[in-house]
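K.L.:
need a 3D model of the following:
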Amino acid sequence: MRVAVLAKRTSYGTFVEEGADAHVTRLLAAGDVTVGRMRRSHDDHMETEREVRDAIHALGLEAVFYRGSRSPIQGHFDLVITVGGDGTVLGASHQIGADGALLGVNSAPGSSVGFFCAATKGSVKKTLEAAVAGKLSAVTLTRMRVEVNRRIVHNRVLNEALFCHASPAATSRYLLTVTRSSRARPKTEEQKSSGLWIGPAAGSTAAQRSAGGRVLPLTSTKIQYVVREPYVGAGGVLPGLVVGLVEGSGRIELASKMRQAKLFLDGNQGEHDIGMGDRIVMLRSDETLTILGLARNGHKQPRPRS
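P.N.:
So this is what the prediction gives:
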């Protein structure tokens, strides 16, 4: 089995060890609360990295190590292991096609959620051993395709897209068209809001949920849209298209009425400038993602007994 390992760069490593940031160094020396976890999280991460290397060596696997979740993966690998948190998983997932598999290791569980991670510090060898033996469950997740002016800009969005004005304080203005399925007629509405969250089931527990969306089963193939803070018109009437799902070949279309807008994909993993009259289409991608060690309801699988 050929394995690629993508380990994140920690904030401490980036700002202090590599960047020699004097301001952050002074904050750390003063014990400032804003950087209280930085060194501890860094130490946890480095210990977990060593644990991953030791486990790979003990199992006799061929591995290539990369520093940074966005580092280009060269060649084909049977398994990609991420060492970090969910942000590292997201960054790595964009490089993995439908024929690959991902195993997430949460390197600092004290400061990271690690929703997509099957292993944590202290459990790496057992989890990796189960993965190699085919004893770790695999969940297939739907991803989303995003087009701008008929050009595909991303085919592997795992969490969500955020469409909004370039300024967080400005009103987002656009036309929203929702086609729920191949059998449904399109519905179009002109809206003003703080923007929209749009994404597959994997992201429904994050920003979509916080904005009022539904939590979908991890294996759902539907795409959800959630309007953020919709403008309420005269008489207190809400727009008709505020939260909804599309399935199958259904699609969500946006026509920008803003000169300066932004489209963010999977957090800050991808950013696109959108202008007046630009058209955005979002629909289910034909490239799924396989993640090891997650149950269908999103919880980690229990580690196999030794």
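K.L.:
next up, phi/psi of the residue of the chain most remote from its centre, please.
P.N.:
Distance from the C-alpha centroid of the chain, by Cα atoms, centre = their mean, peaks at Gly235 (38.3 Å). Main-chain torsions, Gly235, degrees, to the nearest 10: phi 80, psi 10.
K.L.:
which residues in the stretch 51-200 of the chain form strands?
P.N.:
62-67, 79-84, 101-106, 117-120, 138-141, 144-148, 151-157, 161-165, 172-179, 187-193, 195-200 (DSSP state E, counting those that start in this stretch).
K.L.:
what mean pLDDT does the second one have?
P.N.:
Summarised as a single mean, pLDDT over strand 79-84 is 96.
K.L.:
could you give the angle of it to strand 62-67?
P.N.:
Interaxial angle of strand 79-84 relative to strand 62-67 (axes from the mean of the first three to the mean of the last three Cα atoms, to 10 degrees): 30 degrees.
K.L.:
the longest one now?
P.N.:
Interaxial angle of strand 172-179 relative to strand 62-67 (the same axes, to 10 degrees): 150 degrees.
K.L.:
strand 172-179 - contacts with which helices or strands?
P.N.:
Applying 3 or more Cβ pairs under 8 Å, 6 or more residues apart in numbering; DSSP states H and E, one finds that strand 172-179 makes contact with strand 161-165, strand 187-193, strand 195-200, strand 223-228, strand 243-246, strand 251-256. Quick note: C-beta positions are derived from backbone N, CA and C, even for glycine.
K.L.:
and the last one, by the same measure?
P.N.:
For strand 195-200, the elements it packs on are strand 144-148, strand 161-165, strand 172-179, helix 207-210, strand 223-228, judged by 3+ Cβ pairs under 8 Å, 6+ apart.
K.L.:
confidence-wise, which of these is weakest overall?
P.N.:
helix 207-210 (a mean of 93).
K.L.:
distance from the chain centre to it, please.
P.N.:
How far helix 207-210 lies from its chain's middle: 13 Å, per Cα atoms, centre = their mean, to the nearest Å.
K.L.:
tilt between the longest helix seen in the chain and strand 62-67?
P.N.:
In the chain, taking DSSP state H as the definition, the longest helix is helix 38-58. For helix 38-58 against strand 62-67, the angle between stretch directions is 160 degrees (the same axes, to 10 degrees).
K.L.:
who does helix 38-58 touch, helix- and strand-wise?
P.N.:
Here helix 38-58 touches strand 2-7, helix 11-12, helix 22-29, strand 79-84, helix 124-132, going by 3+ Cβ pairs under 8 Å, 6+ apart.
K.L.:
just put the ones you listed in CSV and tack on distance to Ser181 and mean neighbour count.
P.N.:
Converted to CSV, the helices and strands packed on helix 38-58 look like this (distance: least, Cβ to Cβ, whole Å; neighbours: other Cβ atoms under 10 Å):
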stretch, distance to Ser181, mean neighbour count
strand 2-7, 37, 21
helix 11-12, 44, 20
helix 22-29, 51, 13
strand 79-84, 33, 26
helix 124-132, 36, 21
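K.L.:
of all these, which one is nearest Leu216?
P.N.:
Ranking those by proximity to Leu216 (Cβ to Cβ) places strand 79-84 first, at 23.1 Å.
K.L.:
test my guess that Ile223 contacts Ser249.
P.N.:
No. Using Cβ atoms under 8 Å, Ile223 makes no contact with Ser249, being 10.9 Å away.
K.L.:
related to what we said a few turns ago, could the helices and strands packed on strand 195-200 go into JSON lines alongside mean neighbour count and distance to Gln269?
P.N.:
Shown next, in JSON lines, are those (neighbours: other Cβ atoms under 10 Å; distance: least, Cβ to Cβ, whole Å):
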{"stretch": "strand 144-148", "mean neighbour count": "21", "distance to Gln269": "12"}
{"stretch": "strand 161-165", "mean neighbour count": "24", "distance to Gln269": "11"}
{"stretch": "strand 172-179", "mean neighbour count": "20", "distance to Gln269": "21"}
{"stretch": "helix 207-210", "mean neighbour count": "18", "distance to Gln269": "13"}
{"stretch": "strand 223-228", "mean neighbour count": "24", "distance to Gln269": "18"}
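K.L.:
so can I have JSON lines of these showing distance to Thr290?
P.N.:
As requested, the helices and strands packed on strand 195-200 are exported to JSON lines (distance: least, Cβ to Cβ, whole Å):
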{"stretch": "strand 144-148", "distance to Thr290": "16"}
{"stretch": "strand 161-165", "distance to Thr290": "22"}
{"stretch": "strand 172-179", "distance to Thr290": "28"}
{"stretch": "helix 207-210", "distance to Thr290": "22"}
{"stretch": "strand 223-228", "distance to Thr290": "19"}
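K.L.:
of all those, which lies closest to Ala29?
P.N.:
The nearest among the helices and strands packed on strand 195-200, by Cβ to Cβ, is helix 207-210 at 35.4 Å.
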